[in-house]
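*Asks:* Sequence and predicted model, in that order:
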Amino acid sequence: MFNKILIANRGEIAVRIIRACREMGIETVAVYSEVDKNALHVQMADEAVCIGGAKSKDSYLNMQNIISATVLTGAQAIHPGFGFLSENSKFARMCSECNIVFIGPDSSIIDNMGNKSKAKEIMDKAGVPIVKGSEGAVNEEDEALKIAKAIKFPVMIKASAGGGGRGIRIVKEEKEFIDSFRSAKSEAKAAFGDDSMYVEKFIENPRHIEFQILADNYGNVIHLGERDCSIQRRNQKVLEEAPCAVMSKELRDKMGNAAINAAKAVGYKNAGTIEFLLDNHGDFYFMEMNTRIQVEHPVTEMVTGIDVIKMQLMIASGEHLTLKQEDVKIKGHSIECRINAENPKKGFAPCPGEIKYLYVPGGPGVRLDSAVYQGYVIPPNYDSMIGKLIVYGKDRKEAIMKMRRALGEFIIEGIDNNIDFQYEILNNQSFCLGDFNTGFIEKEFSK
Ligand code: ADP
Ligand code: ADP
Ligand code: MG
């Protein structure tokens, strides 16, 4: 096992990784930007190195400075967390060239799976069901329109390099197509520096169901069951749960096997997630693979008892996966609410600033993964997600009651936040019945 690792991230995920390391006796190096010098991850790590200015491109995306900090502190590996450099194949390659272990898959796998249109082609060849659409990327608008007409509207235009719900447009009719294509393309260019696009059929009222997989360096692959991430706003997850309220054992086995086959088809290593759309006929389609730890990994941890971050570290250090598929047991129910510094009443506008007062929920079955403390000033430069509230109950009903209780205890003063909005979701009848799809928030909250 490693003696020391560097964490190339910030916020709650950096704190989460430091916690796992401390429990494993691994020393940690935090990196931070100039505005983050008082951040929690900097205070919690054994060492901390400033890597540049507030802008992500000067610090958390500054590969040279991060590699230098790793070499200077003698860290043996880098955990990239999510976002930032976590799905950057060039960075993964740089790490291996410098004899630093990148805690994630090889750069070639990131290349293949990080590009969503390429990943679909690979999955199709491997026999994993995919959403019907363009074969690979399609960059000319006329050609894209031709494909859209062939697969029939409504369609979805998506950025091959997309993530975080950006670079995506739903197009209901032909006359909207060209405008949507152009605007998605320019959004993708600005957000990812890559405006390669693809088109696929829009699946009506699907659930977003994803499978967590673990793969060691020796070809052993298992899945840890599913997460239902259908509660989304603008294609970005808001609340996630495990297991899915409408999952049967048969469907879980079927989708789980498809996820394992997908991972095996690319020689996947480390933790990853296969995202599927599940339609109302029980058919499912591969959507994308995230080749990194995901925001919502805690709900899987709660129902399986497996620490996914520790597994990532063990796999990256070369240990064998000793867990067998039959050892993975799903028990109870877990829900996660993303806590964001934003104002739901003002179009979810981000709200950075000082946390003047903070009271965090506790008690049985309540877990808070966050990076904030009283007096902390949330900088305006990064994502508005400041933490995740996670509960565990013996069944879905208990988990819902527990989440309502925990959200009720949670007090954050000084900044706007989405705690009340999350509470409304937990009180919604369709949500409580498990009767929802990815259109839930738009349907229930846009009145
Ligand atoms: P998850 O599937 O783990 O929920 P999200 O898509 O919500 O992942 O993204 C996790 C975090 O990473 C978010 O903060 C999001 O803004 C960021 N992110 C995701 N993909 C990218 C990307 N390609 N480039 C930059 N940031 C990204
Ligand atoms: P990102 O990389 O931003 O996470 P995804 O490809 O995972 O992008 O899509 C984000 C969300 O958009 C999905 O969770 C789903 O709700 C919706 N979505 C994506 N593709 C389709 C589709 N073909 N039909 C219907 N909804 C889709
Ligand atoms: Mg996704």
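*Replies:* Right, received. Where do you want to start? Source: prediction; values computed, not measured. Ligands and ions are numbered 1, 2, ... in the order given.
*Asks:* what domains does the record give for the chain?
*Replies:* 4-103, 132-201, 207-445 (automatic domain parsing).
*Asks:* Around ligand 2, which positions in this protein sit nearby?
*Replies:* Contact residues, the chain versus ligand 2 (Cβ under 6 Å from any ligand atom): 131, 156, 158, 162-165, 168, 200-203, 206, 208, 232, 235, 275, 277, 287-288, 438. In short, each C-beta sits where N, CA and C put it, glycine included.
*Asks:* switch to 5 Å and redo it
*Replies:* When proximity is defined as Cβ under 5 Å from any ligand atom, the chain approaches ligand 2 at 131, 156, 162-163, 165, 200, 202-203, 208, 235, 287-288, 438.
*Asks:* pLDDT, distance to ligand 1 and neighbour count added to these, as a markdown table?
*Replies:* Below are the residues of the chain next to ligand 2 laid out as a markdown table (pLDDT from 0 to 100; distance: Cβ to the nearest ligand atom, whole Å; neighbours: other Cβ atoms under 10 Å):
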| residue | pLDDT | distance to ligand 1 | neighbour count |
| --- | --- | --- | --- |
| Val131 | 94 | 17 | 21 |
| Met156 | 96 | 16 | 20 |
| Gly162 | 89 | 6 | 24 |
| Gly163 | 87 | 2 | 19 |
| Gly165 | 86 | 6 | 12 |
| Glu200 | 95 | 18 | 23 |
| Phe202 | 96 | 19 | 21 |
| Ile203 | 96 | 18 | 21 |
| His208 | 98 | 9 | 21 |
| Asn235 | 94 | 9 | 17 |
| Met287 | 95 | 11 | 22 |
| Glu288 | 94 | 9 | 22 |
| Thr438 | 98 | 13 | 19 |
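*Asks:* Among those residues, name the ones in strands.
*Replies:* Members of these lying in strands (criterion: DSSP state E): Met156, Glu200, His208, Met287, Glu288.
*Asks:* with these in mind, which one is nearest to Met113?
*Replies:* Met113 has its nearest neighbour among these in Glu288, at 8.0 Å by Cβ to Cβ.
*Asks:* and that closest one, what does it touch?
*Replies:* Glu288 sits next to Met113, Lys116, Ala119, Glu275 when contact means Cβ atoms under 8 Å, 6 or more residues apart in numbering.
*Asks:* mind running it again at 6 Å?
*Replies:* Contact partners of Glu288, counting by Cβ atoms under 6 Å, 6 or more residues apart in numbering, are Lys116, Glu275.
*Asks:* Tell me how many other residues crowd Thr331.
*Replies:* Not quite, residue 331 is Lys, not Thr. 12 (other Cβ atoms under 10 Å).
*Asks:* Likewise for Asp58?
*Replies:* Using other Cβ under 10 Å, the number of residues around Asp58 comes to 14.
*Asks:* List the residues that contact the residue lying closest to it once chain neighbours are set aside.
*Replies:* Among residues not flanking Asp58 along the chain, Gly52 sits closest, at 4.0 Å (Cβ to Cβ, 6 or more residues apart in numbering). Counting by Cβ under 6 Å, 6+ apart, Gly52 touches Ser33, Asp58, Ser59, Asn62, Asn65.
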